[in-house]
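Student: Have a look at this prediction, sequence included:
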Amino acid sequence: MNITARRSILFDEPYRWVEAVAQRREYIEEQIRRSSPVIAASVTEGIVYFTFYKRIPKVYEIYDGIAMGSIGHPADIESIRMLLLNAAHLEGYQRSPKDVTLNRLLLFSLSPKLKNAFEEVGSSPMLVRSIFAETGGTVKSDRLMAVDFDGNVEEGSGTLSIAGSSSSRERIQSVLFRRLDHPTTLQEALPVLLDAYMAGVYDDTELGQDSGGNVIDPSMKEQALRRLFEENTQNACLLDRQKGSLVPVSLTFLNKEVAH
Amino acid sequence: MESWKNRGSFLDLMGGKISVLPSSVSGPERLPEGWAETHATTILAFHFSGGVLVAGDRRATAGNRIMTNRVEKVLEIDGSSLMAIAGSPAFALEMARVLEHSFKYYRRSQLTELSVEGKLRMLSQLLKDNVPMAMQGFGAVVPLFVTQDSEAHKPQIFFYDILGAHFEGVPFAVAGSGSVEVQGILRYLDRWGSPVRGLADLPETQAVVLALRLLETASFFDSATGGVQVRETVFPVVKILGRDGVRTISETDLGEYYRAEVDIV
């Protein structure tokens, strides 16, 4: 059956369309389930992105003071990265860099495109979930927004994370909520972000702790940490409040601290 | 085969929509009677011990009219490039904006810095596009471009002719109507200067004072070059490209240098 015929059936029968969309959601979530989480947090120096990757980096600069971190299929990440890069630079040149805002880029450019792609059940879906950050003059005026594959936008305050599954994300958010003070500095935030990331990637047994978070076997966490650094590439960046650009942040000291 | 779309070209992205660039404007065959184009002068750049200093006065003129004494002719393009402009500010400032967006767009889309040669050619291309206008007698731009490789951290000075040819300025380059005097003084100091012979060995304080004195001298001979106006606290723009990137000398520091080393000496 060709695409036109299939679309015709779907439009003629609303139930089948709803069912197709639901299946599409399940398919996308299954595809990105094992993705490495991305965490973003406002610190006094700017906004820090924290993640690890196996194949390609996950964090990119979009415009002055605007960045994105994504999980999903690399081709889809590249597609939305270029969409936003093009939109931001055209707007910044034709009007002013001050007119390039995260709000405008996401609500009027990216979100509708993702929603259309998600609901267009006859075409291949966009496998991408992202966190966007925009630095303000202070921590309070920073903006963190997550955009899901269906175009839904969520705004965070102070921290925001994305992960392949909702349970992984809940574990990350729980650590961030309990342990990250606001405002905080980059150096103070990094160990907390590492713990939050590990909580999202490893289960309690792998981290040597019980369900209440009490440490039972510290050596298990050390092993998990060693594995994390050995099998992945660190990808932490600071979206610098003064420069407005992404600056790499080394995490090697976090691994060494544990090793010693 | 499909053409290579993501090659990081901002000009391709614009798709000919840069309506204010001279190449897309059809100019008149001759200038209207009594019409005088706005011009900016004087700019200079020289190597010193801390990198390259770039300075420019603040005056823009149209014929014998002073349009403004507050124009900024030394512009930061990205963290490792400066452009100083002499000639038509309308087109020069637009070129600077195109360059700024082009370099940033390239870095962000290709995830690497554009090479020094790539940056130089891009400015050459903009100047070449501007040649028809310049040949009709208006819109000419004569820039200085100072940049450094992001890894080598060795700043270089380049100057251009209006046709887009670029040359390296060692150890200095100048442009604009007041540049003749400045060029002679810089050559003299570099060859026989005292106490430091060779501009490249000058410490930063002496380099900034030298820039202020040079622009003051240019303004003495050239009415199109603005001098320092202490009462209105309008000082030349002085920027430095060093190992750590671009730095602007504050008006407070310029004021102190001017009062101590230029005005009362």
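Tutor: Thanks, I have it.
Student: List the buried residues in the biggest helix by length in chain A.
Tutor: In chain A, with assignment by DSSP state H, the single longest helix is helix A:74-94. For helix A:74-94, a neighbour-count test (16 or more other C-beta atoms under 10 Å in any protein chain shown) marks A:76-78, A:80-81, A:84-93 as buried. In this view, the C-beta of every residue, glycine as well, is placed from N, C-alpha and C.
Student: other SSEs contacting the next helix or strand along the chain from that helix?
Tutor: Counting by DSSP states H and E, the next helix or strand C-terminal to helix A:74-94 is helix A:102-105. Here helix A:102-105 touches helix A:74-94, strand A:128-134, strand A:143-147, going by 3 or more C-beta pairs under 8 Å, 6 or more residues apart in numbering or on different chains; DSSP states H and E.
Student: looking at these, which is closest to chain B?
Tutor: Chain B sits nearest to helix A:74-94 of all the helices and strands packed on helix A:102-105, at 4.7 Å, using C-beta to the nearest C-beta.
Student: on contacts alone, who are the packing partners of the lengthiest helix in chain B?
Tutor: The single longest helix within chain B, with elements called by DSSP H, is helix B:89-110. With contacts taken as 3+ C-beta pairs under 8 Å, 6+ apart, helix B:89-110 sits against strand A:59-63, helix A:74-94, helix B:10-14, strand B:38-40, strand B:74-78, strand B:81-84, helix B:116-129.
Student: counting contacts, what elements does the helix or strand just after the shortest one pack onto?
Tutor: Per DSSP H and E, strand B:38-40 leads on to strand B:43-48 as the next helix or strand towards the C-terminus. With contacts defined as 3+ C-beta pairs under 8 Å, 6+ apart, strand B:43-48 has these neighbours: strand B:51-56, strand B:81-84, strand B:144-147, strand B:156-160, strand B:172-175, helix B:179-192, helix B:204-221.
Student: Compare those and report which one is nearest to chain A.
Tutor: Proximity to chain A, assessed across the helices and strands packed on strand B:43-48 by C-beta to the nearest C-beta, is greatest for strand B:81-84 (14.2 Å).
Student: Can you mark which positions in that closest one are buried?
Tutor: Within strand B:81-84, the residues scored as buried using 16+ other C-beta under 10 Å are B:S81, B:L82, B:M83, B:A84.
Student: Tell me who's in contact with the closest residue to the first one other than its chain neighbours.
Tutor: The shortest distance from B:S81 to any residue other than its chain neighbours is 4.1 Å, reached at B:T147 (C-beta to C-beta, 6 or more residues apart in numbering or on different chains). Contact partners of B:T147, counting by C-beta atoms under 8 Å, 6 or more residues apart in numbering or on different chains, are B:I77, B:S80, B:S81, B:L82, B:V116, B:K119, B:L120, B:P155, B:Q156, B:F158, B:L241.
Student: Now pLDDT too, for the residues you listed, in JSON lines please.
Tutor: Below are those laid out as JSON lines (pLDDT from 0 to 100):
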{"residue": "B:I77", "pLDDT": "96"}
{"residue": "B:S80", "pLDDT": "93"}
{"residue": "B:S81", "pLDDT": "97"}
{"residue": "B:L82", "pLDDT": "98"}
{"residue": "B:V116", "pLDDT": "96"}
{"residue": "B:K119", "pLDDT": "97"}
{"residue": "B:L120", "pLDDT": "97"}
{"residue": "B:P155", "pLDDT": "95"}
{"residue": "B:Q156", "pLDDT": "96"}
{"residue": "B:F158", "pLDDT": "98"}
{"residue": "B:L241", "pLDDT": "97"}
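Student: next one: phi and psi at the nearest residue to A:P57 once chain neighbours are set aside?
Tutor: Leaving aside its chain neighbours, A:P57 sits nearest to A:N235 (5.4 Å; criterion: C-beta to C-beta, 6+ apart). Main-chain dihedrals, A:N235, degrees, to the nearest 10: phi -140, psi 70.
Student: got a pLDDT number for A:N235?
Tutor: The model reports A:N235 with a pLDDT of 96.
Student: Am I right that it is in contact with A:K58?
Tutor: Yes - between A:N235 and A:K58 there is a contact at 5.6 Å, judged by C-beta atoms under 8 Å.
Student: who touches both of the two?
Tutor: Residues touching both A:N235 and A:K58 by C-beta under 8 Å, 6+ apart: A:Y49, A:T51.
Student: Settle it for me: which of the two has more neighbours?
Tutor: Between A:N235 and A:K58, counting by other C-beta atoms under 10 Å in any protein chain shown, A:K58 is the more crowded of the two (26 against 20).
Student: residue contacts, the more buried one?
Tutor: A:K58 sits next to A:S36, A:V38, A:Y49, A:T51, A:G69, A:S70, A:I71, A:I77, A:N235 when contact means C-beta under 8 Å, 6+ apart.
Student: same deal with A:L207?
Tutor: A:M198, A:A199, A:M220, A:K221, A:A224.
Student: how about A:G136, phi and psi?
Tutor: The phi/psi pair for A:G136 (degrees, to the nearest 10) reads phi -110, psi -170.
Student: and the gap between the residue lying closest to it once chain neighbours are set aside and chain B?
Tutor: Of all residues not flanking A:G136 in the chain, A:D142 sits nearest, at 5.0 Å (C-beta to C-beta, 6+ apart). In this view, A:D142 and chain B are 20 Å apart by C-beta to the nearest C-beta, to the nearest Å.
Student: now A:D142: how far from A:H182?
Tutor: Plainly put, A:D142 is 10 Å away from A:H182 if you go by C-beta to C-beta, to the nearest Å.
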